[in-house]
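A.B. asks: Would you be able to build a 3D model of this:
(one chain, ligands or ions: 3)
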Amino acid sequence: MDRERRRVRVTGTVQGVGFRPFVYRLASELGLAGFVRNDSSGVLIEVEGPPDGVAALCERLVTDAPPLARIASVSVSVIAPAGGRDGFRIVESTGGLPSVPVSVDVATCAACLAEVDDPADRRHRYPFTNCTDCGPRYTIVRSVPYDRPATTMAAFTMCPDCRREYDDPADRRFHAQPNACWRCGPTLVLRGPDGVARASGEEALTGATDALRAGRILAVKGIGGYHLACDATSDTVVRELRRRKGRDDKPFAVMVASVEVAATLCNLDGPATHLLCSPRRPIVLAPRRPDAPVAHAVAPGLPELGLMLPYTPLHHLLLAGVNRPLVMTSGNLTDEPIAHEDDDAVSRLGPLVDLIVSHDRPIHIRCDDSVVRAAGGRLQLLRRSRGYAPEPLRVPWRAPLPVLAVGAELKSTVAVARDDWIVASHHIGDLEHLANFRAFEQAVEHLCRLFGVEPAAVACDLHPEYLSTKYAADLDLPRFDVQHHHAHVAACLAEHGQDGPVVGVAFDGLGYGDDGTLWGGEVLVADRAACRRAGHLRPVVMPGGVGAIREPWRMAVSWVQAALGTAAAERVGRRLDERWRPVLDLAARGAGPVTTAAGRLFDAVAAVCGLRSRVTYEAQAAIELEALARRVPRPRAPAWRAEVRREGEVWVIDPAPVLVEVLASLEAGEPVEVVAAGFHEALGHAAAVVAARVAAAAQIGTVVLTGGVFQNVRLTEVVTDALGEAGLRVLCHGEVPPNDGGISIGQAVVAAARASASHPA
Ligand code: ZN
Ligand code: ZN
Ligand code: FE
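C.D. replies: Ligands and ions are numbered 1, 2, ... in the order given. Take a look at the predicted model:
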């Protein structure tokens, strides 16, 4: 009989995702012999049988792969038949370098949910039900290879029923490492704010749902940490949560039971619905419906809500029991890291809550919810964390040595680059708060251990005062200092698999420049290794230094002084804040740090428009200004223009004429949204004009839009349209955040490129 044997090598995220049982079932169904096993490169298969059966297996490996698998490559070679009398087997893993990616944490699958809902099932209402297609991964694994003893499930001994599932290659739970049930797995416990247990199991669950219905505030242990949860429909309760958490206005995420309920809160288009239902279960930003049944205090003054669907059986059970939308926000005091350890949760969250819903499955590494938006048919991650980290980014080049990149300071992430991939950590938080520094160190350790990376070089920001830069300087490793906005551009290059050169428009809050001033309105010519400043926003004084970030009225005084002179700035200052005089004095004398940051210009315009003189969270004023602008269709926006001029080697964008228009229009009683729209047109147009001129001079056809300011959908639209008319290709961020959460990836790219230049392969 005609027989063929093939060796198939599969790489990518193929371990801990049910790949081997999938291959086993496929081979059994097709009547083939051979084996499948995990090793340090991924999955190795040898399969033998009639050639058409072998070919069918090779094809269906890809087309029918399990939902969590991310296949990077499949290579096939024909080898000599071995007889294959023992049928098909799953053989033990072989050791070696743990270079195989660990899966992301995955939302409860439909099959598990059906069991949880089924009164006849042995897992009916069990809050920790999971299988190879779903459940925690990244947050419970301590080391690799990913096996039960290497996870925080090590202490739980499987009961005979769970063990049978775990050992049966034909079962959905074959080698599902967190496999558990009521008899053998983690237990839900309801605690008082003092940490004392009050109920467990089913009683804990009903106690928690009753409390939420009664308007209590609870801490709830999830996958990557604790949430603070409460009834999202009650303004009184949500306001009380704000008071206790010390959070003024920053919007809260809302968890709803189903996509049908989500549709009563927000206008959901196809891409938003798809994201909401994806097993990654991010928080999805979507336009809020005017009649949305949620409290005003959930997202004060914002046209969008952040929604997510339940992603653990516990969430499903809570939502079903409470039967109304719940606020689900990170379990922390403002600016602190999210609590993920039980003792820490009692001491830090106990004082904030009425009850704590906990369990005894430890969370090894914290991981906040991811935040994503689908705008204009494009997905954009604003926070890349649970469900996305640690999925590697494949790149079309090789790092000559393993690189650790330590990121920036706000929205910190770290990344490692090795071979042809980069992997970024979960969201760590703002490192200006020392409490987050330990979380930063843990992220570095976790990532390096899981991916078997022993860094041979470190990449960091140019800013000498960032804690991450200081950390890098203390390592005894060759160091690559990467300019902040170059890193932003490089991060975007990496996700598009590009080398450059490109023109990069990098607009953000602040970043340390080559000249020691604070940049953030930059037009760069950059490739992976090098970067040159080709244009920028006109620099202005930041009166009082970085304190001006929290007080946009200071930037208003400074910008109006620069654009219209002292008399106009005095009028604006008097209107906005009683401390205007010393601020105007600093601006008029040109005293203090100067900045070209576009984010600070947004602050100034928002303050001049009377939106707000102070912000309570990053970019608040800019977000509100954009929200106003979006009420005015672009054809109805004033076609204001900034001045673009040449100064020496660079182009300068001077918005002075726009500020003249802004003030005149406000004085003439024009609606603020029209002014906001005109400002977006002017800044976007100027950015496109400079980018196009730089591109023409350097004979470059592609422009990258990056930096936190490009979370602004309206500005992105204006710039993209203008660049398109100029015949340029535009690259925007998708899977990698445009904000500082993407900086570590960009640093890794630049360091790898520079290391390649100094050590040619
Ligand atoms: Zn499942
Ligand atoms: Zn069990
Ligand atoms: Fe930045």
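A.B. asks: For the nearest residue to Leu728 once chain neighbours are set aside, give me the pLDDT.
C.D. replies: Computed as C-beta to C-beta, 6 or more residues apart in numbering, the closest residue to Leu728 that is not its neighbour in sequence is Val703, at 5.2 Å. C-beta: built from backbone N, CA, C; applies to glycine. On the pLDDT scale, Val703 is placed at 98.
A.B. asks: List the residues that contact Val703.
C.D. replies: Residues in contact with Val703, defined by C-beta atoms under 8 Å, 6 or more residues apart in numbering, are 502-505, 691-692, 695, 723, 728-731.
A.B. asks: Just the ones of the residues you listed in strands?
C.D. replies: Mapping the contacts of Val703 onto strands (DSSP state E) picks out 502-505, 729-731.
A.B. asks: Go through the residues you listed and say which is closest to ligand 2.
C.D. replies: Lowest distance from ligand 2 to the ones in strands among the contacts of Val703 (C-beta to the ion) belongs to Leu731, with 49.3 Å.
A.B. asks: Look up how far Ile700 lies from that closest one.
C.D. replies: 12 Å (C-beta to C-beta, to the nearest Å).
A.B. asks: what residues do the two have in common as contacts?
C.D. replies: Val502.
A.B. asks: rewinding a little: can you flag the buried ones in the ones in strands among the contacts of Val703?
C.D. replies: Neighbour counting by 16 or more other C-beta atoms under 10 Å classes 502-505, 730-731 among those as buried.
A.B. asks: Rebuild the residues you listed as CSV, extending it with pLDDT and distance to ligand 1.
C.D. replies: Below are those laid out as CSV (pLDDT from 0 to 100; distance: C-beta to the ion, whole Å):
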residue, pLDDT, distance to ligand 1
Val502, 98, 42
Val503, 98, 46
Gly504, 98, 42
Val505, 98, 43
Val730, 98, 40
Leu731, 97, 37
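A.B. asks: quick one: which two of these are the most distant?
C.D. replies: Within these, Gly504 and Val730 form the most distant pair, 11.4 Å apart (C-beta to C-beta).
A.B. asks: and for those two, which residues touch both?
C.D. replies: In terms of C-beta under 8 Å, 6+ apart, Gly504 and Val730 are both contacted by the residues 703-704.
A.B. asks: Can you report phi and psi for the closest residue to ligand 2 within the stretch 601-750 of the chain?
C.D. replies: Closest contact between the stretch 601-750 of the chain and ligand 2, by C-beta to the ion, is at Glu735 (36.9 Å). Glu735 adopts backbone torsions of phi -80, psi -20, taken as degrees, to the nearest 10.
A.B. asks: Contact partners for it?
C.D. replies: 379, 381, 384, 388, 393, 495.
A.B. asks: Next secondary structure after whichever strand or helix holds the second one?
C.D. replies: When secondary structure is defined by DSSP states H and E, Leu381 falls within strand 378-383. If you walk from strand 378-383 toward the C-terminus, the next helix or strand you reach (DSSP H and E) is strand 393-405.
A.B. asks: how about that following strand: buried residues?
C.D. replies: Going by neighbour count (16+ other C-beta under 10 Å), the buried part of strand 393-405 is 393, 395, 397, 399-405.
A.B. asks: Turn the buried ones among the ones in strands among the contacts of Val703 into JSON lines, including distance to Lys245.
C.D. replies: Listed next are these as JSON lines, based on distance: C-beta to C-beta, whole Å:
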{"residue": "Val502", "distance to Lys245": "42"}
{"residue": "Val503", "distance to Lys245": "42"}
{"residue": "Gly504", "distance to Lys245": "37"}
{"residue": "Val505", "distance to Lys245": "36"}
{"residue": "Val730", "distance to Lys245": "39"}
{"residue": "Leu731", "distance to Lys245": "38"}
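A.B. asks: ok, which of those residues also contact ligand 3?
C.D. replies: Residues of these in contact with ligand 3 (C-beta under 5 Å from the ion): none.
A.B. asks: can you redo the residues you listed as TSV with distance to ligand 2?
C.D. replies: Below are these laid out as TSV (distance: C-beta to the ion, whole Å):
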residue	distance to ligand 2
Val502	54
Val503	58
Gly504	54
Val505	55
Val730	53
Leu731	49
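A.B. asks: can you pull the pLDDT of Gly545?
C.D. replies: Looking at Gly545, its pLDDT is 88.
A.B. asks: can you pull the contacts of Leu307?
C.D. replies: 253-256, 262, 265-266, 276, 283-284, 286.
A.B. asks: rerun at 10 Å
C.D. replies: Leu307 is in contact with 253-256, 259, 261-263, 265-266, 268, 272, 275-276, 282-286, 288, 292, 294, 325, counting by C-beta atoms under 10 Å, 6 or more residues apart in numbering.
A.B. asks: and the residues you listed, which are buried?
C.D. replies: Neighbour-count burial (16+ other C-beta under 10 Å) applied to the contacts of Leu307 gives 253-256, 261-263, 265-266, 268, 272, 275-276, 282-286, 288, 292, 294, 325.
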